[in-house]
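> sequence and predicted structure are below.
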Amino acid sequence: MKIDEARNYHKIDAVIVGAGLAGLRAALEVAKSGLAAAVISKVYPTRSHSGGAQGGIAAALANVSEDSLESHMFDTIKGSDYLADQDIIERFVNEALKTVYEFEHMGVPFSRTADGRINQRPFGGHSSPRACFAQDVTGHVLLHTLYEQCLQHNVLFFNEFQVLSLLVSDDVSRGLVAWDIRNGGLHIFHARAVLLATGGYGRAWKVTSNAHANTGDGVALVLEAGLPLEDMEFVQFHPTGLYKHGILLSEAARGEGAYILNDKGERFMKTYAAAKMELAPRDVVSRAEQTEINEGRGIGGKDYVYLDLRHLGRQKILERLPQIYDLALNYLKVDGIKEAIPIQPTAHYSMGGIPANVRTEVIKDAAGTVVKGLYTAGEASCLSLHGANRLGTNSLQDAATFGRIAGIHMSEFCRENNFSGLPAQPLEIAQGKIDRLWNGQGKERHAPIREKLQENMTKYLGVFRNQDDMLKMLVMIKELQERYRQVTVDDHGDVFNLDLIEALELENLLSFSEVIVEGALARQESRGAHFRNDFPKRNDGEWLKHTLAWRRDGKIVLDFSKGVVIYPQYQPQERKY
Amino acid sequence: MNKDFKQTSRSGSLPWLLQRISAVILFVLLLLHFITYHFLSKGRAVNYQEIVAKAGSWWFPLLQFAFLLTALYHGLNGLWSVLEDYTANKFWRLVWYGLLLSVGAVLLFVGTLTIIKLYTLPVA
Amino acid sequence: MAMIDISVKILRYQPGKDEKPHWQVFNIAVEDESTILDVLNEIHWQHDGTLAYRRSCRSSICGSCAMKVNGRNVLACETPIHRFGRKLKIEPLSGFDIIKDLVVDLDPFFAKLKRIRPYLILDKPAPDKEFVQSPEQLEQIGESTLCILCAACSAACPSSWPNSEYLGPAALLKAYRFIFDSRDDGADQRIEIVNDKNGVWRCHTIFNCVEACPKKIKITEYLSRLKVKVVENSL
């Protein structure tokens, strides 16, 4: 039987992997243009982790005080520690207002000012109140609204499908192969254009705000396809992770005026960022916290500090920060109205990812050569908008804006290009992965390997890094990759085989974690979220450039010839808050 | 596109409204009943003559008839709404509906007879 | 923090292997501060890889892990085991077909959502900037927008159990959310859809949905407001 006659063969103009904000926004754009758009997601769309974003979406609407696009642009550049590409940021701030008004017209229930306009709150690193918000569930309402819009415009959904391989050859994307989690079986998706919007890779860490789903699948698939990744060593640690759980407590708390306190009850940020205090960018606050903890000023000498909401008063807490209040109460039995909440830095956002240009087209080298028909947006991508450190509320804006831009360019591409031919054995790689886990002779299980990886990434690749720790981590990753070859799974059933999916995800975690460590080892400077005790200064002379990394013959190959796009008026300066 | 979902024509909004209105009327009637029957007698035993006098007055059958109608509607409509939850089949829905209507008709008839009988009780 | 021994009884169903669901007991040791999800992870990772369940965010916002624990519908991720003591009985949500173990088929649930046209319908052109909506107007729908579509409400609703056609509390709440949105012009269309024998009139104000809702949304109250709106509209 020919492939295109198979039951599990789908021929669709645009196939979008990931049903978060970026994926859904792109799908909506494609569907509205009259083309067929399919979204492949390993969870039901409303379960995507965009819904976990709490604090807001950045746009200089100037609804509550003076603001400007230039200010948003400068804040983002400075926040990125000058590593972000400024042409990307320019496009981003120019589109941001439109993105928010569009969301409002779709029905997003934004919190309002007294005169009925979209309310805005302050956020770390932004010089004006710029975060448009819906209480502290902004990501949730944006995600649900977009999903509903997609339902209206008849986007096709393939829920609970795990993508196992990209069909890319000769720099042309042809489609992909995915496993049907619910019923079992491999499906071929033959597409004119493919978008990778698979989200971040924070699950490589033990203490993380990320969902179980955030295993960086798209990132790992790109690496497997022989394409590069960019700036993978830049991972943001969020300063207010719920102690022990790592669950996110939004920066909105500090936007509303919350304090961070050490064991002595001091607002210690005064020694680290006297002007911005708790509203310094996340890399700065997380480092301050970790320093306090390392120097014995954590609460009771332990590895946490306090987030204090009490002075905000009951009414403000329950009106503006209800989710944060509930999370602390449910998980730690701490009543945020009466008690301070234990927090610690938690792996949060992946600045690095799949390199792409301003049209969201995936590129394959430092010269910017495009892989035809392959696109990326959202946290999975590295455009690079956030450089070495992302500002809060820029992520939802990034996902939505570049999701829309991706949709526009994909639609154009689909109209101008026919389907490219599939390889002769499209299922080969995907089938191989499944067969090995089902029919292998090894006795290793995936859970202990993942546990060891996550524990040590938190230990060795955290807020502070140094060469010795990272070398240890690198050796360990190689060992774990070796052990992974012996992994087999208990469950041999076709239907909802969670065992199989988790094992496949672990392969991805192990693959890109190596890139993170190699990149972090090579980059001998401290910039944004990447801080090395052995190289504590930013070094623009040598390192004002992006990291590209390939896997070639089983080894990670790094390239630093991709420069940073810098405008004359925004030259790198010392970064102080 | 949603037309196919409306397989049954009558929505249920009127019965819902009437159920609430009949509930309010029942409440008022019940209060009147308690006042005229029990509270006005202030706890002492009521004799036959007094009841006959009351039953023969112009307002008594009106009150009783209103009581009968609203109680029947409220009770049977409530029952129907529960039966509807569990009966998807059109045939059985008709059967239940017919049965409830018949029960209603019989009770209405018997009730009306009783009210007339009370109204026409001999004085001695 | 201390380790405790617990007994976990799980309703298992492996398609192709089991004819019908059956109970399996796991006696395991876990930390006393564990959540139900921690317990399931422990079983799945250390004891029996074949156990299937849904989970993702583990911070009660994605809605994946609604299930029945000791008779109550909860989100596994946010529910500490100490709420139930040392004996746990875990089963899938009622009223849905079981796919495998604790995983149920939610496609009908999402299909109902689509039926009520869950998107802003506008007769007027959108303004250049945002629509003006007062905080009071927002307040009308604010709580209803917190719904995470976990399906705990529908699974707890006695009206939903015998009647798979009933729209159910979640879809009706979504209808409320749009009908009462000051920006929306589609109330008439949606009222026609919910004003049906299988629509809002199947709600008998039983309040199970409110009790089951992990987001503490007063669903029954909103459905009552919806009924009044429908009656006003048809008078």
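Looks like it came in fine.

> in the stretch 451-577 of chain A, which spans are helices?
A:467-484, A:498-522, A:540-543 (DSSP state H, counting those that start in this stretch).

> flag every buried residue along the second one.
The neighbour-count criterion (16 or more other C-beta atoms under 10 Å in any protein chain shown) identifies A:498-521 as the buried residues of helix A:498-522. Every residue, glycine included, has its C-beta placed from N, CA and C.

> I'd like to know which elements that helix is packed against.
strand A:161-169, strand A:172-180, helix A:217-224, helix A:428-439, helix A:446-460, helix A:467-484, strand A:548-552, strand A:555-559 (3 or more C-beta pairs under 8 Å, 6 or more residues apart in numbering or on different chains; DSSP states H and E).

> and the angle from the fourth one to helix A:498-522?
In other words, helix A:428-439. 120 degrees (axes from the mean of the first three to the mean of the last three C-alpha atoms, to 10 degrees).

> neighbouring contacts of helix A:428-439?
Applying C-beta atoms under 8 Å, 6 or more residues apart in numbering or on different chains, the contact partners of helix A:428-439 are A:164-165, A:177-179, A:186, A:224, A:487-489, A:492, A:500, A:503-504, A:507.

> gap between that helix and the chain center?
Remark: helix A:428-439 is offset 28 Å from the chain centroid, using C-alpha atoms, centre = their mean, to the nearest Å.

> just the C-alphas of it, formatted as CSV.
What follows is helix A:428-439 as a C-alpha-only set of coordinates in CSV (Å, rounded to 0.1, in the frame of the first residue of the first chain):
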residue,chain,number,x,y,z
GLU,A,428,11.5,4.7,10.1
ILE,A,429,12.8,6.9,12.9
ALA,A,430,9.6,7.1,14.8
GLN,A,431,9.0,3.3,14.6
GLY,A,432,12.6,2.7,15.7
LYS,A,433,12.0,4.7,18.9
ILE,A,434,8.9,2.8,19.8
ASP,A,435,10.4,-0.6,18.9
ARG,A,436,13.5,-0.1,21.1
LEU,A,437,11.4,0.8,24.1
TRP,A,438,9.1,-2.1,23.6
ASN,A,439,11.4,-4.8,22.3
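
> and the average pLDDT for that helix is what?
Taken as a whole, helix A:428-439 has an average pLDDT of 95.

> quick check: buried residues in it?
A:429-431, A:433-434, A:436-437.

> name the nearest residue to the residue of chain B found nearest chain C, sequence neighbours excluded.
Nearest to chain C in chain B, going by C-beta to the nearest C-beta, is B:Gly12, at a distance of 3.4 Å. In space, B:Gly12 comes closest to C:Trp201 once its chain neighbours are excluded; the distance is 3.4 Å by C-beta to C-beta, 6 or more residues apart in numbering or on different chains.

> go ahead and confirm the one you found touches B:Leu14.
No. Counting by C-beta atoms under 8 Å, B:Leu14 is not a contact partner of C:Trp201; they are 10.1 Å apart.

> who's more crowded, those two?
C:Trp201 (22 against 12; other C-beta atoms under 10 Å in any protein chain shown).

> identify the residues contacting that one.
Applying C-beta under 8 Å, 6+ apart to C:Trp201 gives the contacts B:11-13, B:15-16, B:81, C:195, C:227.

> so which helix or strand takes in A:Tyr349?
strand A:341-350 (DSSP states H and E).

> not counting the following helix or strand past that strand itself, show me its contacts.
Counting by DSSP H and E, the next helix or strand C-terminal to strand A:341-350 is strand A:354-355. The contact list for strand A:354-355 (C-beta under 8 Å, 6+ apart) reads A:196, A:218-219, A:222, A:227-230, A:362-363, A:376, A:380-382, A:384, A:546, A:548, A:562.

> of those, buried ones?
A:196, A:218-219, A:222, A:227-230, A:362-363, A:376, A:380-382, A:384, A:546, A:548, A:562.

> where does pLDDT dip in the chain?
No chain specified, so I'll use chain A. In the predicted model, chain A carries pLDDT under 70 at residues A:1-6.

> my bad, chain B
B:1-10, B:41-43, B:124.

> do a quick rundown of the helices in it.
Under the criterion DSSP state H, chain B contains helices at B:13-34, B:48-55, B:59-86, B:90-119.

> in a markdown table: the ones you listed, plus distance to chain A.
A markdown table is the format used below for these (distance: least, C-beta to the nearest C-beta, whole Å):
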| stretch | distance to chain A |
| --- | --- |
| helix B:13-34 | 26 |
| helix B:48-55 | 58 |
| helix B:59-86 | 28 |
| helix B:90-119 | 31 |
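
> using JSON lines, please lay out those helices together with distance to A:Leu558.
Converted to JSON lines, the helices of chain B look like this (distance: least, C-beta to C-beta, whole Å):
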{"stretch": "helix B:13-34", "distance to A:Leu558": "69"}
{"stretch": "helix B:48-55", "distance to A:Leu558": "102"}
{"stretch": "helix B:59-86", "distance to A:Leu558": "66"}
{"stretch": "helix B:90-119", "distance to A:Leu558": "71"}
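
> and A:Arg527, what is it in contact with?
Counted by C-beta under 8 Å, 6+ apart, A:Arg527 has contacts A:81-83, A:388, A:538, A:543.

> out of these, who has the most neighbours?
Scoring these on neighbours with other C-beta under 10 Å, the highest-scoring entry is A:Ala388 at 29 neighbours.

> pretty sure that one is touching A:Leu83, no?
Yes. A:Ala388 is within contact range of A:Leu83, at 4.2 Å (criterion: C-beta under 8 Å).

> overlap of the contact sets of the two?
A:231, A:234, A:527-528.

> and of the residues you listed, the nearest to C:Leu11?
Among the shared contacts of A:Ala388 and A:Leu83, A:Phe234 lies closest to C:Leu11 (C-beta to C-beta), at 44.8 Å.

> surely the closest one is in contact with A:Leu385?
No. Look at A:Phe234 against A:Leu385 with C-beta under 8 Å: they stay out of range, at 11.9 Å.

> ok, these two, which is more surrounded?
Between A:Phe234 and A:Leu385, counted using other C-beta under 10 Å, the more crowded position is A:Phe234 (32 against 24).

> let me see the contact set for the more buried one.
With the criterion set at C-beta under 8 Å, 6+ apart, A:Phe234 makes contact with A:83, A:350-352, A:386-389, A:528-530.

> what's the closest non-adjacent residue to it?
A:Met351 is the one closest to A:Phe234 (C-beta to C-beta, 6+ apart), at 3.9 Å.

> one step back: surely the residue of chain B closest to chain C and C:Asn198 touch.
No. In this structure B:Gly12 lies outside contact range of C:Asn198 using C-beta under 8 Å: 9.4 Å.

> now the residue nearest to A:Phe234, what are its backbone angles?
phi -70, psi -30 (degrees, to the nearest 10).

> that one and A:Asp81, how far apart?
Going from A:Met351 to A:Asp81 by C-beta to C-beta, to the nearest Å gives 10 Å.

> pLDDT weak spots in chain C?
In chain C (pLDDT under 70), no residue qualifies.

> so which residues of it form strands?
C:3-12, C:22-31, C:66-69, C:72-75, C:87-91, C:98-100, C:103-104 (DSSP state E).

> how many residues are close by the nearest residue to A:Glu525 once chain neighbours are set aside?
Excluding its sequence neighbours, the residue lying closest to A:Glu525 (C-beta to C-beta, 6+ apart) is A:Asn539, at 4.0 Å. Residues lying near A:Asn539 (other C-beta under 10 Å) number 13.
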